[in-house]
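Chemist: Prediction below, plus the sequence it came from.
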Amino acid sequence: MNERRIIVKTPASTANLGPGFDTLGMALSLYTWIDMAATDGPTRIELLGGRLKGIPTDKSNLIYKMAQLVYDEAGYTLPELEIAMYSEIPLTRGLGSSATAIVGALTAANVLAGRPLSDQRLLELATAEEGHPDNVGASLLGGIVVAAAGAAGSVDCIRLEPHARLEVLVAIPDFQLATEKARHALPDSLPLADAVHNVGRSSLLTAALAIGRLDLIGKAMQDRIHQPFRAPLIPGMADILARAAAHGALGAALSGAGPTLLTLVDAHSTRKQELERFLLDTLESAGVRAELRWLQPVRLGPEVELLDRSMQDVPLMDWIKGEVKHD
Ligand SMILES: Nc1ncnc2c1ncn2[C@@H]1O[C@H](COP(=O)(O)OP(=O)(O)O)[C@@H](O)[C@H]1O
Ligand SMILES: N[C@@H](CCOP(=O)(O)O)C(=O)O
């Protein structure tokens, strides 16, 4: 069979950006590649690189399940599949690895099926699977997204173009924190004053990002909905959020549900090394080892390649190595 081989490269994401809990997201320059083709043989799922260890390779795999969902929605019968996947996104660190896998798989399966589903339907399916629209919105639309999930599975999502001078420095701690666990740390209800605080900051942040008021970002990234409750799970976090701006960041936030800490930085800043030192020293004093990564906001959502016959047998890693050289 193997006539349509699809490779989809999907960006990671950071959610919340501080006050926009379950609402704001931004696509980031780390990627997952999903390679999907129909096959006459039995389904085969290959996970490449070290990061996907422990993830099932049978039909309970998330990628396969998302493919099944697309075909069910379209009313088609899912063929047996050959799937390969490689990810450079660290899992369970607050960089949206699960959302990237969901969006990449829905996109690949939709192309394989001849695009029966609209992007809007893919967004709704991805949100239902992930439980919140911020990460999947960013991975699907690219850029910065403002997303709101409504009744009966509806999702409204608006994409903003990231400012050309916006850069991202993340500190990725060497421990994992499952989103589910970090969501359990949150209270069931909040004082009205805290809700008002967040509505103000989140609206200000959205407006500032939309019109390029980088000077307002630090003030606007304040949050009282989730970060105060998650801070005890991440040693050093409270200190970093309180003092990153004094060390050259435009603003700082917990990335998604953590434990990664995110700083937004003006690309023209002359204080990048000072910020790097501050993040590493603060985390080290708190007993946390972390890796720093400079990332860019990504403007594109999933990039789809339909491989022609001459490329049918090229291993996914060889194909990727044409553009990246790391694991
Ligand atoms: N490529 C993938 N294939 C299958 N499952 C994945 C993949 N990437 C992530 N996951 C699942 O998502 C989980 C991590 O999701 P989550 O706790 O929301 O953290 P994050 O999305 O911030 O990395 C992993 O433990 C794994 O079960
Ligand atoms: N809005 C969610 C975002 C979770 O992001 P993840 O990258 O940690 O999965 C939350 O804050 O729980």
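Modeler: Nice, I can see it. Here the structure is a predicted model, which means the values were calculated and not measured. Ligands and ions are numbered 1, 2, ... in the order given.
Chemist: interface residues of this protein facing ligand 2?
Modeler: 15-16, 21-22, 94-96, 132, 134-135, 179, 183, 226, 256-257 (Cβ under 6 Å from any ligand atom). All C-beta atoms are positioned from the backbone trio N, CA, C, and that covers glycine.
Chemist: Longest helix in the protein, please.
Modeler: Counting residues, the longest helix in the chain under DSSP state H turns out to be helix 192-211.
Chemist: Identify each buried residue in that helix, please.
Modeler: 197-198, 201-202, 204-206, 208-209 (16 or more other Cβ atoms under 10 Å).
Chemist: cool, and stretch 162-176?
Modeler: So stretch 162-176, judged by 16+ other Cβ under 10 Å, has buried residues 162-163, 166-173.
Chemist: So which of those residues belong to strands?
Modeler: Using DSSP state E, the subset of the buried residues of stretch 162-176 located in strands is 166-173.
Chemist: Can I get the buried residues of helix 192-211 in CSV including distance to Leu117?
Modeler: As requested, those are arranged in CSV below (distance: Cβ to Cβ, whole Å):
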residue, distance to Leu117
His197, 39
Asn198, 34
Arg201, 35
Ser202, 30
Leu204, 35
Leu205, 32
Thr206, 28
Ala208, 34
Leu209, 29
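Chemist: Report how many residues lie close to the residue nearest to Ala74 when sequence neighbours are not counted.
Modeler: Excluding the flanking residues, the one nearest Ala74 by Cβ to Cβ, 6 or more residues apart in numbering is Pro116, at 3.7 Å. Counted with other Cβ atoms under 10 Å, the neighbours of Pro116 add up to 14.
Chemist: what about Pro116, distance to Arg183?
Modeler: 33 Å (Cβ to Cβ, to the nearest Å).
Chemist: Least confident of the residues of the chain next to ligand 2?
Modeler: Within the residues of the chain next to ligand 2, Thr179 has the lowest pLDDT, namely 91.
Chemist: List the contacts of it.
Modeler: Residues near Thr179 by Cβ atoms under 8 Å, 6 or more residues apart in numbering: 92, 94, 98, 256-257.
Chemist: Is it possible to mark the buried ones in these?
Modeler: 92, 94, 98, 256-257.
Chemist: And the helices in the stretch 1-150 of the chain, which stretches?
Modeler: 62-74, 97-112, 119-130, 133-141 (DSSP state H, counting those that start in this stretch).
Chemist: Of these, which stretch is the most buried?
Modeler: Ranked by average neighbour count under the criterion mean count of other Cβ atoms under 10 Å, those are headed by helix 133-141 at a mean of 31.
Chemist: related to what we said a few turns ago, which outside residues touch the helix or strand following the longest helix of the chain?
Modeler: Remark: after helix 192-211, the chain's next helix or strand is helix 217-220, criterion DSSP states H and E. Contacts of helix 217-220 with the rest of the structure, by Cβ under 8 Å, 6+ apart, involve 18-19, 201-202, 204-205, 208-209, 245, 249-251, 264.
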